[in-house]
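Visitor: Sequence and predicted structure below; questions after.
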Amino acid sequence: MAIKIGITGGIGSGKSVVSRLLEIMGIPVYISDVEAKRITLTNVIVRRELCTLVGQEIYQEGELNRSLLATYMFGHPERIKEVNEIIHPRVKEDFQQWSACFGADKIVGIESAILVEAGFRDVVDFLVMVYAPLETRIERAIKRDSTSKELIMKRIESQMSDHSKREQADFVILNDGEAPLVPQVLELISLLSKNNHYLCSAKK
């Protein structure tokens, strides 16, 4: 079974850039946000449970009504938890099936902003955190999403703190716009390669 690394970081940290660099360097990465969207459309169980929870109108013309789902969850932590309990286990299962397709000497990754919160820490062997200062993250997110600072801050506050992520991370990549990323990613790959034999043996 492949060695699995988790790639996480808060909104605007630049984890997607790191994931792309890893892919360029030959490490396949499962993008959980993309795959979760696919699963909400194609998984019969997810569709049925979301319809039961929110209502049949959650799907319109075969597509997920994201604005309705967002409205349903906004300001209701218990509803967010219910929706996540429907989607996250199926994403985890899908990732495990995906990663099982690779050989034992292969390194693969999974990218998720809420990797730890979603309960994926136990399915990865190595956790990488992409870190950027708060103001940098806010600036990037405002530019990317064309939204307000207030909304970005609400999203940031709803996620696990950088400090908590750092405590669980095995490796931290600094993406502050000044520190070069490529040498850090190469260092990560070198570290993973050196530990590959140990990790493979520990999993047997």
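Guide: Sure thing, it's come through. Residues are numbered from 1 along each chain as shown.
Visitor: how about the nearest residue to the residue nearest the centre of the chain, chain neighbours excluded?
Guide: The residue lying closest to the centre of the chain (Cα atoms, centre = their mean) is Ser112, at 0.5 Å. Once flanking residues are discounted, Ser112 sits nearest to Ser32: 4.0 Å by Cβ to Cβ, 6 or more residues apart in numbering. C-beta coordinates here come from the backbone N, C-alpha and C atoms, glycine included.
Visitor: distance of that neighbour from Ala113?
Guide: 8 Å (Cβ to Cβ, to the nearest Å).
Visitor: neighbour count winner among those two?
Guide: Neighbour comparison, Ser32 and Ala113: the larger count goes to Ser32, with 26 against 23 (by other Cβ atoms under 10 Å).
Visitor: which residues in the chain form strands?
Guide: 3-8, 29-31, 59-60, 63-64, 107-111, 126-131, 171-174 (DSSP state E).
Visitor: that older thread, assess the claim that the residue nearest to Ser112 and Asp94 are in contact.
Guide: No: using Cβ atoms under 8 Å, Ser32 makes no contact with Asp94, being 9.2 Å away.
Visitor: shaky segments in this protein?
Guide: By pLDDT under 70, the low-scoring segments of the chain are 1, 195-204.
Visitor: wait, isn't the residue nearest to the centre of the chain in contact with Gly9?
Guide: No: if you go by Cβ under 8 Å, Ser112 and Gly9 don't touch, sitting 9.4 Å apart.
Visitor: thinking again about what came up before, the residue nearest to the centre of the chain and Glu135, how far apart?
Guide: The value you get for Ser112 to Glu135, if Cβ to Cβ is used, is 23 Å.
Visitor: One more: Lys165?
Guide: The gap separating Lys165 from Glu135 is 18 Å, by Cβ to Cβ.
Visitor: So these two - more neighbours on which side?
Guide: Legend: neighbour count by other Cβ under 10 Å for Lys165 and Glu135, higher for Lys165 (23 against 10).
Visitor: and the closest residue to the more buried one other than its chain neighbours, how many neighbours?
Guide: Nearest residue to Lys165, sequence neighbours excluded (Cβ to Cβ, 6+ apart): Met129, at 4.9 Å. Each residue near Met129 was counted by other Cβ under 10 Å, and the total is 25.
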